[in-house]
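**Q** Using only what follows, build the 3D model:
(chains A and B)
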Amino acid sequence: EDQVTQSPEALRLQEGESSSLNCSYTVSGLRGLFWYRQDPGKGPEFLFTLYSAGEEKEKERLKATLTKKESFLHITAPKPEDSATYLCAVRGIDQTGANNLFFGTGTRLTVIP
Amino acid sequence: EAQVTQNPRYLITVTGKKLTVTCSQNMNHEYMSWYRQDPGLGLRQIYYSMNVEVTDKGDVPEGYKVSRKEKRNFPLILESPSPNQTSLYFCASSFDRGTGELFFGEGSRLTVL
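**A** Residues are numbered from 1 along each chain as shown, chains lettered A, B, ... in the order given. This next block holds a predicted model:
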């Protein structure tokens, strides 16, 4: 069973068209949820850490929120330079009892001028 | 500038020819890790190291070896590469294993023929 599921797989937006990316997780004992941005041909770049339900973090046009089972990355009035793949990762306890960091497969965002 | 440096960035090799991908970080991080990234599968951990001379298997360690003789370096060794090891590899580091705030290298794209 996947520990972290991201949706949609791909998203195309017009410049200025706000939207949200979803990250749902099934691990228990959450030790943190992390958002990354990955540009083509580059390594992931850390954006946010969220630890508890109700927590929010903001950076420029991005805002990350967290509930008990999912996180949203809200993108307000996106620009073409926001085009990238956004990865979600969760640190928690899986079914085997291991404390690990689990990555989702990402949402590929394209913002059209 | 804080960075994680991987070499080579691109490599094409043949089955069975031993190769090493180097990784070096300049942030004095204790924790280092190797991931592979494949389409539809996301980032999967190969090996990690919590400190000098301390290494452990991740989720997909078969066919790989690592060593941590110095704090800054964490090379990934493929003793006898096979085509199923064709992938994009990332080295990452952080202050400790308990965080999900990782610094990633630029990636090494490996093709095994």
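
**Q** and residue A:72, how many neighbours does it have?
**A** Close neighbours of residue A:72, defined as other Cβ atoms under 10 Å in any protein chain shown, add up to 18. In this view, the C-beta of every residue, glycine as well, is placed from N, C-alpha and C.

**Q** I meant residue A:101, not that one.
**A** Count around residue A:101 with other Cβ under 10 Å applied: 27.

**Q** so it makes contact with residue B:100?
**A** Yes: judged on Cβ atoms under 8 Å, residue A:101 makes contact with residue B:100 at a distance of 5.2 Å.

**Q** between these two, what contacts are shared?
**A** Applying Cβ atoms under 8 Å, 6 or more residues apart in numbering or on different chains, one finds that residue A:101 and residue B:100 are jointly contacted by A:34, A:89, A:90, A:91.

**Q** quick one: which of those residues is nearest chain B?
**A** residue A:34 (3.9 Å; Cβ to the nearest Cβ).

**Q** Now the closest one: which helix or strand?
**A** strand A:28-38 (DSSP states H and E).

**Q** Sheet-wise, list the partners of that strand with their directions.
**A** strand A:45-50 (antiparallel), strand A:84-93 (antiparallel) (DSSP bridges).

**Q** CA atoms only: put that strand into PDB for me.
**A** Below are the C-alpha coordinates for strand A:28-38, written out as PDB (Å, rounded to 0.1, in the frame of the first residue of the first chain):
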ATOM      1  CA  SER A  28       0.600   6.700  11.500                       C
ATOM      2  CA  GLY A  29       2.600   8.600  14.100                       C
ATOM      3  CA  LEU A  30       3.300  11.500  11.800                       C
ATOM      4  CA  ARG A  31       6.700  13.000  12.300                       C
ATOM      5  CA  GLY A  32       6.400  15.600   9.700                       C
ATOM      6  CA  LEU A  33       5.100  16.300   6.100                       C
ATOM      7  CA  PHE A  34       7.500  18.000   3.700                       C
ATOM      8  CA  TRP A  35       7.000  19.700   0.300                       C
ATOM      9  CA  TYR A  36       9.700  19.900  -2.300                       C
ATOM     10  CA  ARG A  37       9.900  21.500  -5.700                       C
ATOM     11  CA  GLN A  38      11.800  19.700  -8.500                       C
END
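
**Q** Spell out which residues of chain A are next to chain B.
**A** Counting by Cβ under 8 Å from any Cβ of the partner chain, the positions of chain A adjacent to chain B are A:4, A:31-34, A:41-46, A:49, A:87, A:89-91, A:100-101, A:103-106.

**Q** Could you give the bridge partners of the most centrally placed residue in chain B?
**A** For chain B, the residue sitting closest to the mean C-alpha position, by Cα atoms, centre = their mean, is residue B:34 at 3.0 Å. Counting by DSSP bridges, residue B:34 is bridged to residue B:47, residue B:91.

**Q** Now do residue A:75 against chain B, distance only.
**A** Remark: distance between residue A:75 and chain B (Cβ to the nearest Cβ, to the nearest Å) = 21 Å.

**Q** Might you name the residue of chain B sitting closest to chain A?
**A** Distances between chain B and chain A by Cβ to the nearest Cβ are smallest at residue B:104, namely 3.2 Å.

**Q** Thanks again, I'm all set now.
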